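*Asks:* sequence first, predicted coordinates after that:
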Amino acid sequence: MLTLGFGAVAAMSLAACGIRLEDDAPRIPLIPTRQPIPGESFLLALWRHSDDLADRATSVGGPANGVPARVAALHRRQVAVLESELLRLGVPRKVLDTAAAAPSASTTGTATGSATGAATGSATGGSATPSGGSTGSASTAPSVQGPKGLAAAEASDLGPTAIASLATVSPTAVPLIGSVLAQRAAAATLLGVPVTWTEPNWSAPSLAASYLDSTRAAVYAFEVVAAQSPSGAQHTLALTTLAALESRAHDQESLAGRSAGPPDLGYPLPFPVTTAASARTLAAQVLTELRASIARDLGSTGGDLGPLGALVQCLGDTEVLASQWGVKLSAFPGLT
């Protein structure tokens, strides 16, 4: 007859109940230690770096309505929300406390290289992975000070493996975390150092077709905005925004291939647009709704790195476009 000691019986009982020890608990045979959640180190680094970015943005100074002051507030909000999300996903409070006490670094492990001064494929839908560092190595904050240094620090979370890391997290968290990465790209651009993105491979071209309709609707709306903004700065901005959205639609059509049907002859507008004032209102509303649509789509990629990265880029680019039309910057673009 097999006889089990009290300790073995207790261990089996705890294991059967699904109880796992904390990371630093004494190792007891037959009781599994806690396994990190998918993408845990990436999420912890993003959370910690949000706090550092808030401090760095505050140190830049400037007017209360300036970009540094605005992004400082966004990062404070991110710290609180990401902490709640980590706890929701099952990361123990003790792990968060340990991470908070450790020196912080960017999620990519490099402070420069992602922000290069000119965005390749900016405002398009065909790019996915920003160039730059590789996730996981330690780094310090950029040595450049002021807005340019802050821009480089923002972009340092967008190294070439950032999207791969995003793909590993819980599917329920992908829209939230993807929106944070989009905020980083938008902030770098608004601070004068746009992110350079490289072209990925798409394994599911049909996904591009599913994203295309909302882009085409936005293009149509901005054709109306441009027509009703006959002169001045608003006319110039309308044409610039329209060109960016047309470029995105072209890229998505190319990626979708035969999956893309012909565009509709027209798309419904939420209200009549017959003046420059109503055109400006339409522009802000369309970009706000487009931003929300892209954020929702982040959860639809099934871990395909090409579409996932392209959506992060599109969301960041749309955040920039929306801000140019007076839409308030968001800590989590597209999410309420």
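*Replies:* Now that the structure is in, tell me what you want to look at. Numbering: from 1, shown residues only.

*Asks:* tell me where this protein has helices.
*Replies:* Ranges of helices within the chain are 6-16, 40-60, 67-88, 93-101, 146-155, 162-168, 174-190, 205-227, 232-256, 276-297, 305-324, based on DSSP state H.

*Asks:* how about these in JSON lines, adding mean pLDDT and mean neighbour count?
*Replies:* Every residue, glycine included, has its C-beta placed from N, CA and C. Below are those laid out as JSON lines (pLDDT from 0 to 100; neighbours: other CB atoms under 10 Å):
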{"stretch": "helix 6-16", "mean pLDDT": "40", "mean neighbour count": "13"}
{"stretch": "helix 40-60", "mean pLDDT": "96", "mean neighbour count": "21"}
{"stretch": "helix 67-88", "mean pLDDT": "97", "mean neighbour count": "19"}
{"stretch": "helix 93-101", "mean pLDDT": "94", "mean neighbour count": "13"}
{"stretch": "helix 146-155", "mean pLDDT": "95", "mean neighbour count": "24"}
{"stretch": "helix 162-168", "mean pLDDT": "94", "mean neighbour count": "22"}
{"stretch": "helix 174-190", "mean pLDDT": "98", "mean neighbour count": "26"}
{"stretch": "helix 205-227", "mean pLDDT": "94", "mean neighbour count": "21"}
{"stretch": "helix 232-256", "mean pLDDT": "96", "mean neighbour count": "19"}
{"stretch": "helix 276-297", "mean pLDDT": "97", "mean neighbour count": "20"}
{"stretch": "helix 305-324", "mean pLDDT": "95", "mean neighbour count": "27"}
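
*Asks:* tell me which of those helices lies nearest to residue 336.
*Replies:* Nearest of the helices of the chain to residue 336, taken as CB to CB: helix 276-297 at 7.9 Å.

*Asks:* now the closest one, how far from the centre of its chain.
*Replies:* Distance of helix 276-297 from the chain centroid (CA atoms, centre = their mean, to the nearest Å) equals 18 Å.

*Asks:* stretch 84-104 now?
*Replies:* Relative to its chain's centre, stretch 84-104 lies at 20 Å (CA atoms, centre = their mean).

*Asks:* swap in stretch 46-57?
*Replies:* Put simply, stretch 46-57 sits 15 Å off its chain's centre (CA atoms, centre = their mean).

*Asks:* run through who's touching it.
*Replies:* Stretch 46-57 is contacted from outside by 68-69, 71-72, 75-76, 78-79, 82-83, 86, 96, 99-100, 102, 104-107, 141, 149-150, 153-154, 156-157, 177, 180, using CB atoms under 8 Å, 6 or more residues apart in numbering.

*Asks:* nearest to residue 267 among the helices of the chain would be which one?
*Replies:* Each of these was scored for nearness to residue 267 using CB to CB, and the closest is helix 205-227 (4.3 Å).

*Asks:* before we move on, back to that, okay, the helices of the chain in TSV with distance to residue 331 next?
*Replies:* TSV is the format used below for those (distance: least, CB to CB, whole Å):
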stretch	distance to residue 331
helix 6-16	40
helix 40-60	9
helix 67-88	4
helix 93-101	19
helix 146-155	13
helix 162-168	17
helix 174-190	6
helix 205-227	23
helix 232-256	23
helix 276-297	12
helix 305-324	11
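
*Asks:* how about residue 168: what's its closest non-neighbour residue?
*Replies:* Distance criterion CB to CB, 6 or more residues apart in numbering; nearest residue to residue 168, sequence neighbours excluded, is residue 39 at 4.2 Å.

*Asks:* the one you found contacts residue 162, doesn't it?
*Replies:* No. Between residue 39 and residue 162 no contact is recorded; they are 10.8 Å apart, counting by CB atoms under 8 Å.

*Asks:* which residues touch the closest residue in space to residue 219 that isn't next to it in sequence?
*Replies:* With sequence-adjacent residues excluded and distances taken as CB to CB, 6+ apart, residue 219 is closest to residue 245, at 4.8 Å. Residue 245 is in contact with 123, 215, 218, 219, 222, 321, counting by CB under 8 Å, 6+ apart.

*Asks:* nearest to residue 298, of those residues?
*Replies:* Residue 298 has its nearest neighbour among these in residue 215, at 15.2 Å by CB to CB.

*Asks:* can you tell me the closest non-neighbouring residue to that closest one?
*Replies:* residue 249 (4.6 Å).

*Asks:* ok, now residue 178?
*Replies:* Leaving aside its sequence neighbours, residue 178 sits nearest to residue 298 (CB to CB, 6+ apart; 4.2 Å).

*Asks:* check the one you found and give its pLDDT.
*Replies:* At residue 298, the pLDDT value in this model is 94.

*Asks:* now do the contacts for it.
*Replies:* So residue 298 contacts 174, 175, 178, 179, 308, 311, 312, 315 (CB under 8 Å, 6+ apart).
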